[in-house]
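Peer 1: sequence-free structure coming up:
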């Protein structure tokens with residue numbers, strides 16, 4: 001795989017080396033199509049900011065980004081896309097953090113860079129939730145609609161509220177929210 005940088009230098013990435021560590025091309029994009037998996041790797045590589053780095057460093061950074069997608073272990077093309085976006089969002093957020101801390105950065109420049117980093121971080125968290133939901137690891141919500149308590153039993157579900165006023169002789173019953 002090759003990537004052109006802003007200075008038009010070509011970065012060579014040996015995907016076979018990354019793939020051989022995982023055992024198959026599918027490890028990159030989660031798809032059976034090597035063309036799709038290549039596209040995912042290319043998109044991840046193109047999402048990196050590599051300005052001002054030496055060729056060897058660019059190669060290592062790009063290989064690391066693709067390896068991060070492999071580490072996510074995508075099981076299908078949707079997971080491959082989500083993993084690629086997670087890597088891209090992470091790198092973009094970190095670049096915004098870096099820019100916010102540049103020496104001589106104006107207050108407005110720092111504020112904008114941190115604002116973008118915050119948005120990217122929230123997008124990253126949303127992407128991760130979507131990936132986990134797709135994998136069946138999302139948060140589950142249980143709603144109890146009917147509870148039957150027979151004579152002599154007790155049950156408390158949820159928040160208990162006390163009702164004020166009305167008939168003081170009446171028995172107050174807690175109810176679930």
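Peer 2: Looks like it came in fine. Only a predicted model underlies this, so the values are computations on that prediction, with no experimental measurement involved.
Peer 1: for this structure, just list every one of the helices.
Peer 2: If DSSP state H is used as the criterion, the helices of the chain fall at 15-22, 26-29, 34-46, 55-71, 77-100, 107-134.
Peer 1: tell me which of those helices lies nearest to residue 155.
Peer 2: helix 107-134 (31.5 Å; CB to CB). Backbone N, C-alpha and C define where each C-beta goes, glycine included.
Peer 1: counting by contacts, list what that closest one packs against.
Peer 2: Packing partners of helix 107-134 (3 or more CB pairs under 8 Å, 6 or more residues apart in numbering; DSSP states H and E): helix 77-100.
Peer 1: check which residues of the helix it packs on are buried.
Peer 2: By neighbour count with 16 or more other CB atoms under 10 Å, helix 77-100 contains the buried residues 77, 79-93, 95-97, 99-100.
Peer 1: contacting residues for the most centrally placed residue in the chain?
Peer 2: Residue closest to the mean C-alpha point of the chain, counted by CA atoms, centre = their mean, is residue 128 at 3.1 Å. Taking CB atoms under 8 Å, 6 or more residues apart in numbering as the contact definition, residue 128 lies against residue 86.
Peer 1: can you tell me how far it is from residue 83?
Peer 2: As judged by CB to CB, to the nearest Å, residue 128 and residue 83 stand 10 Å apart.
Peer 1: just residue 105 next, same as before
Peer 2: With CB to CB as the criterion, residue 105 and residue 83 are 32 Å apart.
Peer 1: what's the local residue count around residue 54?
Peer 2: 10 (other CB atoms under 10 Å).
Peer 1: phi, psi of it?
Peer 2: Taking degrees, to the nearest 10, you get phi -70, psi 160 for the backbone angles of residue 54.
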